[in-house]
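Participant: model the following, please.
(one chain, ligands or ions: 1)
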Amino acid sequence: MRNAGTKTLAVVRTPVGAASAALLVVLLALALFAPLLWGDRASAVDVDALQQGPTAAHLLGTDSLGRDVLARVLVATRLSLLLALTATAIGVVTGTLLGTAPSVLPRWAGRLVTSVVNIAVAFPGLLLALFFAMIFGVGAKGAVLAIGLAMAPAFARLTQTLAAGIAGRDFVAAARVAGVGRFRLLVRHVLPNIGEPLVVNATIGAGMALLAFAGLSFLGIGVQAPEYDWGRLLGEGLNQIYVNPTAALAPGVAVVVAGLAFNLFGETVAGVVGARASAAPKVPASRKAKGAATVAVSRESAAGDPVLVVEDLRVSFPGASGPVTPVRGVSFTVGAGESVGVVGESGSGKSLTALGVSRLIEAPGVVSAARLDFLGTPLLRASDAEARGLLGTSLALVFQDPMTSFNPTRRIGRQLAEVSEQHQGLSRGKALTRAVERLREVRVPAAERRARQYPHEFSGGMRQRAMIAMGLMGEPRLVIADEPTTALDVTVQRQVLRLLAQVRENEAGARQEGAAGVPRQGEAGAPRQGEAGAPRQSEAGAPRQSEAGAPRQDEAGAPRQGEAGAPRQSEAGAPRQSEAGAPRQSEAGAPRQSEAGAGQQGVPAALLLISHDITVVAQSCRRVLVMYAGRIVEDLPTAGLRTAARHPYTRALLAAVPALDTDRDAPLAVIPGRPPEPGEVGAGCAFAARCAFADERCRAEDPAPSDVSSGQGAHRVACWHPQGVGPEPRPPGPGSGSHVDVEAAGGGA
Ligand SMILES: Nc1ncnc2c1ncn2[C@@H]1O[C@H](COP(=O)(O)OP(=O)(O)OP(=O)(O)O)[C@@H](O)[C@H]1O
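Facilitator: Numbering: from 1, shown residues only. The predicted structure is shown next:
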């Protein structure tokens, strides 16, 4: 409301806006009061004053029956506006229904509607109005329907265009993966975001409708006697134009002034809204990540089974000269609790791979795969409802830009709650309570108050936390994070990465404790950490491992953090909790209970972390998939990454990361050339044109991935000339947060 008030103020502060608003108020007042004040005078016949010019008694003269022209023009305001506004309402409602129908109807029906709209838009509006007027018959009702329906195609097209813009936004993708149905998606997420431009255009449309009505009445197929609107008065006045020109001029001026008032007001509102929109933070057009959504834990997948199996995944789009395939046969597996990174230059197909896996590629995009199993369910063969149910409860998505991950028109708490209402069948109140709990778990301060706030009231880092909280509304078995830190500053980046790691551990704990029937913290009466006698570990006087300054266990060959229950510790020896801000399972005191209660107890949620920054991946993941031009060219453990990498592209990526000992005077290593566009990839290795080791074979034949031995675990590389020995490891780099030594940082889960 405050927002609407501010905009109204901004509109009336402009001279044109103020003038048009004042005119509209006058018109409204006339429509309300003129028939009461001058109704009798307007219909009083005076045979002694037929067709008179302006006199003191009749300021604008009289008509052919001696009726006062001024009174009739003023009284006609009500009917003229009423008819124009009714026609506009019919046009806007019909147009919005037609424009949104393709989003909710089956594909064939949606196409049919779109084709009809496209054909109708091609006809001039007035021609359509005349066509419909003939169908509905002469008279005010027929004219209202005719003009309303003639306006509908333009509104339908506008709605389609606006809705298409919103459909590509991250919060819609997040809602879709959360299993929100098409109708609800439309009503809750799309329509509220296109309402404003629709209202602005409706205002302008009202001015047009007024003119169209005057036209139809003037032609004699609109309002019929004894009723009269401005168009009818204009037609009657023209018959006596040589005797009393004011009888024609007055209704003509009324039509023009009222039409201008609507149009100028609409244009001013559009200007104010447009200026604000362009001043608002830019929203990337890409569908990149950042929302989170979850669904229930699959009961079918047995412990130890991979969470995700992808074989020969291809994503294609129609192109100008045939289909292009930006993802060309990607195969990988994500084991239960495993953390896998995906790196590659911009355009290598990382995001499309994630979207393909999440069933978020929309037509005309086509996804195919020899195998695409999530928790044992073949996603490509599953029905929409099955896939929605599974992905909505067991998959969490965290996208890149926290700004576009949330629907700007809905409160954060309600957006989180929607997941539980949809999938766990919780009531609105219970779902909201759960949302507040989850916000608390990711350490959003004053969670109850924050849950009532809108996304723009959150900072970037806080929004990203809230997206992670949305992921926790279900029981995620896989978290897909697509460049979750790119839009954040370095400090917040670290917090978010650590929070993701903690979320995985917490989920493991939650499932484990849930299986044991112990309440989840904050629910079912379980005390929350630090509350109701549930002391935090640090508060209870027990020193935490990170505080004790013990060496990293994974380096010493002991169990790695998160694996065999070994406590996690900060690389820098500082307490992790204070940095990450989120409660750690081991510190939580009161364990969480999984509502699903099933799943792989004690196994962390798996993580698929997409990043263009290989050091971020090396810090957070156990394994890395290196993508180039839509293929995985190397799949290797992050431990010993610098020395183990065999593909020239992986090695070039690593060489481009500066370290502490990098000569600051020497230019940074770069990879010459640019990756091929999806339509430009030839028969051979896509990297050949940029590779120093490429030969004829590389240019002619694309190498298939094959196993290589690096002594660190499974390692596959797709290269005819894998490089044997890597450069010497370098010490950790300066604290950019991303430019650290990848070998030292390697391995996370
Ligand atoms: N809807 C689409 N239609 C056609 N081509 C597309 C579409 N979406 C993406 N592409 C193309 O597919 C390729 C891979 O895109 P993708 O977004 O997966 O790259 P990425 O590796 O995630 O890059 P970035 O890090 O810049 O996001 C790009 O060349 C992109 O232009």
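Participant: helix/strand/coil for P326?
Facilitator: strand (DSSP: H, G, I helix; E, B strand; the rest coil).
Participant: tell me where the chain has strands.
Facilitator: Shown for the chain, the strands assigned by DSSP state E span residues 308-317, 324-334, 339-343, 366-368, 371-374, 377-378, 395-398, 478-482, 606-611, 623-628, 631-637, 706-707, 716-717.
Participant: need the residues of the stretch 301-450 of the chain near the ligand, please.
Facilitator: Contact residues, the stretch 301-450 of the chain versus the ligand (Cβ under 6 Å from any ligand atom): 317, 326, 344, 346-352, 365. In this view, the C-beta of every residue, glycine as well, is placed from N, C-alpha and C.
Participant: one more pass at 8 Å, please.
Facilitator: Neighbours of the ligand within the stretch 301-450 of the chain, by Cβ under 8 Å from any ligand atom: 315, 317, 319, 324, 326-327, 344-355, 361, 365, 400.
Participant: write a PyMOL command that selects only the buried members of those.
Facilitator: Command for PyMOL that selects the buried part of those, burial taken from 16 or more other Cβ atoms under 10 Å:
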select buried, resi 315+317+324+326+327+344+347+348+349+350+351+352+353+354+355+361+365+400
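Participant: not counting sequence-adjacent ones, nearest residue to A120?
Facilitator: P153 (3.7 Å; Cβ to Cβ, 6 or more residues apart in numbering).
Participant: list the contacts of the one you found.
Facilitator: Neighbour list for P153: 95, 98, 117, 120-121, 123, 128 [criterion: Cβ atoms under 8 Å, 6 or more residues apart in numbering].
Participant: distance check, it against the ligand.
Facilitator: 27 Å (Cβ to the nearest ligand atom, to the nearest Å).
Participant: do you know how far that residue is from V187?
Facilitator: To V187, P153 is 23 Å away according to Cβ to Cβ, to the nearest Å.
Participant: what do you get for P455?
Facilitator: For P455, the distance to V187 equals 19 Å [Cβ to Cβ].
Participant: tell me which of the two has more neighbours.
Facilitator: The neighbour count for P455 versus V187, taken as other Cβ atoms under 10 Å, is higher for P455 (22 against 13).
Participant: can you check the pLDDT for that one?
Facilitator: P455 is assigned 87 on the pLDDT scale.
Participant: any idea how far the ligand is from it?
Facilitator: According to Cβ to the nearest ligand atom, P455 and the ligand sit 22 Å apart.
Participant: so who does that residue touch?
Facilitator: 403, 405-408, 412, 463, 466.
Participant: switch the cut-off to 6 Å
Facilitator: Contact analysis of P455 by Cβ atoms under 6 Å, 6 or more residues apart in numbering lists 406, 408.
Participant: flag the shaky bits of the stretch 551-700 of the chain, pLDDT-wise.
Facilitator: Residues of the stretch 551-700 of the chain meeting the criterion pLDDT under 70: 551-604, 659-663.
Participant: helices of that one, start to end?
Facilitator: 576-580, 614-620, 641-644, 648-655, 696-700 (DSSP state H, counting those that start in this stretch).
Participant: same list (these) but as a markdown table, adding mean neighbour count and distance to the ligand.
Facilitator: Shown next, in a markdown table, are the helices of the stretch 551-700 of the chain (neighbours: other Cβ atoms under 10 Å; distance: least, Cβ to the nearest ligand atom, whole Å):
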| stretch | mean neighbour count | distance to the ligand |
| --- | --- | --- |
| helix 576-580 | 19 | 25 |
| helix 614-620 | 26 | 13 |
| helix 641-644 | 22 | 20 |
| helix 648-655 | 23 | 13 |
| helix 696-700 | 14 | 21 |
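Participant: select, out of the ones you listed, the one closest to H715.
Facilitator: Closest of those to H715 is helix 641-644, at 6.7 Å (criterion: Cβ to Cβ).
Participant: distance check, T161 against the ligand.
Facilitator: 17 Å.
Participant: can you list the low-confidence ranges for the stretch 401-550 of the chain?
Facilitator: In the stretch 401-550 of the chain, residues with pLDDT under 70: 402, 486-492, 503-550.
Participant: of the contacts of P153, buried ones?
Facilitator: For these, buried by 16+ other Cβ under 10 Å: 95, 98, 117, 120, 128.
Participant: hmm, which two among those are most spread apart?
Facilitator: Taking Cβ to Cβ, the two most distant members of the buried ones among the contacts of P153 are L98 and L128; they sit 13.7 Å apart.
Participant: G237 against L249, yeah?
Facilitator: No - between G237 and L249 there is no contact under Cβ atoms under 6 Å: 7.4 Å.
Participant: more crowded one of those two?
Facilitator: Taking G237 and L249 together and counting by other Cβ under 10 Å, G237 has the greater number of neighbours (27 against 16).
Participant: retrieve the pLDDT associated with the residue lying closest to that one once chain neighbours are set aside.
Facilitator: Among residues not flanking G237 along the chain, A248 sits closest, at 3.2 Å (Cβ to Cβ, 6+ apart). Note on A248: pLDDT of 88.
Participant: swap in A156?
Facilitator: In this prediction A156 is given a pLDDT of 91.
Participant: quick one: list the elements packing against the top helix by length along the chain.
Facilitator: The residue-count maximum for a helix in the chain (DSSP state H) belongs to helix 69-104. On a contact count with 3 or more Cβ pairs under 6 Å, 6 or more residues apart in numbering; DSSP states H and E, helix 69-104 meets helix 15-43, helix 107-121, helix 140-167, helix 191-218, helix 230-238, helix 246-279.
Participant: tell me the angle it makes with helix 107-121.
Facilitator: Angle between the axes of helix 69-104 and helix 107-121 is 150 degrees (criterion: axes from the mean of the first three to the mean of the last three Cα atoms, to 10 degrees).
Participant: now, which of the contacts of P153 lie close to the ligand?
Facilitator: Answer for the contacts of P153 near the ligand: none qualify (Cβ under 8 Å from any ligand atom).
Participant: can you name the residues of the protein that neighbour the ligand?
Facilitator: Residues of the chain lying near the ligand (Cβ under 8 Å from any ligand atom): 286-288, 315, 317, 319, 324, 326-327, 344-355, 361, 365, 400, 482-483, 610, 612, 627, 630, 677-678.
Participant: now with 5 Å, please.
Facilitator: 317, 326, 346-352, 678 (Cβ under 5 Å from any ligand atom).
Participant: correct me, but the residue nearest to G237 touches L238?
Facilitator: Yes - here A248 reaches L238: they are 4.9 Å apart, a contact under Cβ under 6 Å.
Participant: who has more neighbours, these two?
Facilitator: The residue with more neighbours, out of A248 and L238, is A248; 19 against 14, by other Cβ under 10 Å.
Participant: separation between that one and the ligand?
Facilitator: For A248, the distance to the ligand equals 57 Å [Cβ to the nearest ligand atom].
Participant: please report how far that residue lies from A49.
Facilitator: Relative to A49, A248 is positioned 18 Å away (Cβ to Cβ).
Participant: got the domain ranges for the chain?
Facilitator: Listed domain ranges for the chain are 2-279, 639-745 (source: automatic domain parsing).
Participant: go through the ones you listed and pick out the most buried.
Facilitator: domain 2-279 (a mean of 19; mean count of other Cβ atoms under 10 Å).
Participant: show me the contacts for D702.
Facilitator: 684-685.
Participant: let's go with 7 Å and repeat that
Facilitator: 683-685 (Cβ atoms under 7 Å, 6 or more residues apart in numbering).
Participant: give me the pLDDT for it.
Facilitator: 90.
Participant: what does it show for phi and psi?
Facilitator: Per-residue torsions, D702: phi -90, psi 120 (degrees, to the nearest 10).
Participant: distance of it from R631?
Facilitator: Taking Cβ to Cβ, one finds D702 at 8 Å from R631.
Participant: for the residue nearest to G335 when sequence neighbours are not counted, what are its contacts?
Facilitator: Of all residues not flanking G335 in the chain, P306 sits nearest, at 5.1 Å (Cβ to Cβ, 6+ apart). Neighbour list for P306: 333-336 [criterion: Cβ under 7 Å, 6+ apart].
Participant: just the buried residues of these.
Facilitator: Neighbour-count burial (16+ other Cβ under 10 Å) applied to the contacts of P306 gives 333-336.
Participant: sounds good, over and out.
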